[in-house]
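Trainee: Sharing a model that was predicted from the sequence below.
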Amino acid sequence: MQLSIIIPVYNVEKYIGRCISSVLEQNYHNYEVILVDDGSRDSSGKICESFHLRNPTLIHVIHKENGGLSSARNAGLDVAVGHYVMFLDSDDWIEYGCLEKISFFFEKNYDLIMGRAWSIDDQGNKKSKLPYEVPPGEYDGKRYIKECLCNEADLSFCCPFYLYRREYIEKNRLRFYNGIIHEDELWMPIALLKASNIYVSDIYFYYHFIRRTSIMHSSNYEYSASSTLKVCRILEGEFCKYNRKDIKWLYNRLAMLFLRAIPQIKEPSSYIKEFKRNFPLKNAVTVRQRIKSLFFYISPILYCKIISYVRGYRK
């Protein structure tokens, strides 16, 4: 079994059929699909079972209590047997013929294989998810991070845009952190730092569907921001294991994430006290982040009020 495709499923009865069909219609069939029904309350679980009954050797279904996206992905990882692992969100889909193209790289045993992605909305408007292209080729983790982040190519930090060698995942004991959103912001830096060889391909294979009702587009700013700040705290501890000069762009990203999240908190004082007002300033590298960090350092509350007003976090 060359590839395990893990699809977390939660209340997506409108989309899950399209997602699974995009896999079954591929001209490459050396894969397994692991559908993880994360306590769906609509007909998603039944739809998963119907696909399993029609394709019992290719499709496996796990039913579990609701635990969130991280929990569902971890449940899939625990039973995956493929040489490579791919994560596919249940409202997204993949390009016809892409698996055959990507499978060419499997024999090279790269820790990670990156593909290109489109974002597409319900009106059919499509655009590339990577505004700054990283040239195709082989990289180690630190070099790839530098290539991405020195141009602020943030969207390459999206978990489903990569395929992962399963032995590499297990060797490094990689699992998703439960109880937060923005789990990719935590998973990707750690996964990339541990990767000794990455191949960046120019294959467009993934369609990321934009829907207003998704978690990432909800108006619950407080929950979203508190998760981001938790990610910042965990990553700060992880980054201490590496030479700071080698990963300065990741520290700059910490400053960016913090400055993006803190204005979304209604009462930011406790977080400011926990992180210290110099947290973004000591981590910022680019001129843009240093200017914003200096503003925050001089007057954290004023910074939060102005950014919150400009971005419409508070009515």
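Mentor: Received, thanks.
Trainee: all helices of the stretch 151-300 of the chain, in order?
Mentor: Remark: helices assigned in the stretch 151-300 of the chain by DSSP state H, counting those that start in this stretch are 166-171, 183-193, 221-239, 248-261, 269-275, 279-283, 287-298, 300-311.
Trainee: for the record, mean pLDDT for the longest strand along the chain?
Mentor: Criterion DSSP state E: the longest strand present in the chain is strand 198-210. On average, the pLDDT along strand 198-210 is 93.
Trainee: One more: stretch 222-239?
Mentor: For stretch 222-239, mean pLDDT is 94.
Trainee: quick one, what contacts residue 225?
Mentor: Shown in contact with residue 225 (C-beta atoms under 8 Å, 6 or more residues apart in numbering): 261, 262, 264, 265. No exception for glycine: its C-beta is placed from N, CA and C like everyone else's.
Trainee: Most neighbours among those, which one is it?
Mentor: In terms of neighbours by other C-beta atoms under 10 Å, those top out with residue 262 at 24 neighbours.
Trainee: Run a quick neighbour tally on the spatially closest residue to that residue that is not a sequence neighbour.
Mentor: Closest residue to residue 262 apart from its sequence neighbours, by C-beta to C-beta, 6 or more residues apart in numbering: residue 268 at 5.3 Å. Look at residue 268: counted by other C-beta under 10 Å, it has 21 neighbours.
Trainee: can you tell me how far residue 268 sits from residue 9?
Mentor: 36 Å (C-beta to C-beta, to the nearest Å).
Trainee: Also residue 272?
Mentor: Distance, residue 272 to residue 9, using C-beta to C-beta: 39 Å.
Trainee: returning to that earlier point: turn the helices of the stretch 151-300 of the chain into CSV, columns for distance to residue 25.
Mentor: Shown next, in CSV, are the helices of the stretch 151-300 of the chain (distance: least, C-beta to C-beta, whole Å):
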stretch, distance to residue 25
helix 166-171, 24
helix 183-193, 26
helix 221-239, 35
helix 248-261, 37
helix 269-275, 47
helix 279-283, 45
helix 287-298, 44
helix 300-311, 41
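Trainee: List just the one of the ones you listed that sits closest to residue 140.
Mentor: Residue 140 lies closest to helix 183-193 among the helices of the stretch 151-300 of the chain, at 9.4 Å (C-beta to C-beta).
Trainee: roughly how far is that closest one from the heart of the chain?
Mentor: Between the centre of helix 183-193 and the centre of its chain there are 8 Å (C-alpha atoms, centre = their mean, to the nearest Å).
Trainee: try stretch 26-35
Mentor: In terms of C-alpha atoms, centre = their mean, the centre of stretch 26-35 is set 21 Å apart from its chain centre.
Trainee: go on, stretch 61-70?
Mentor: The answer for stretch 61-70 is 18 Å, by C-alpha atoms, centre = their mean.
Trainee: Send over that stretch as PDB, restricted to the C-alpha atoms.
Mentor: Extracted as PDB, the C-alpha positions of stretch 61-70 are listed here (Å, rounded to 0.1, in the frame of the first residue of the first chain):
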ATOM      1  CA  VAL A  61     -14.500   4.000   8.100                       C
ATOM      2  CA  ILE A  62     -13.800   4.900  11.700                       C
ATOM      3  CA  HIS A  63     -16.700   6.200  13.800                       C
ATOM      4  CA  LYS A  64     -15.700   8.100  17.000                       C
ATOM      5  CA  GLU A  65     -17.000  10.700  19.400                       C
ATOM      6  CA  ASN A  66     -16.400  14.300  18.400                       C
ATOM      7  CA  GLY A  67     -12.900  15.400  19.300                       C
ATOM      8  CA  GLY A  68     -12.000  18.000  16.600                       C
ATOM      9  CA  LEU A  69      -9.900  17.900  13.500                       C
ATOM     10  CA  SER A  70      -6.600  17.100  15.300                       C
END
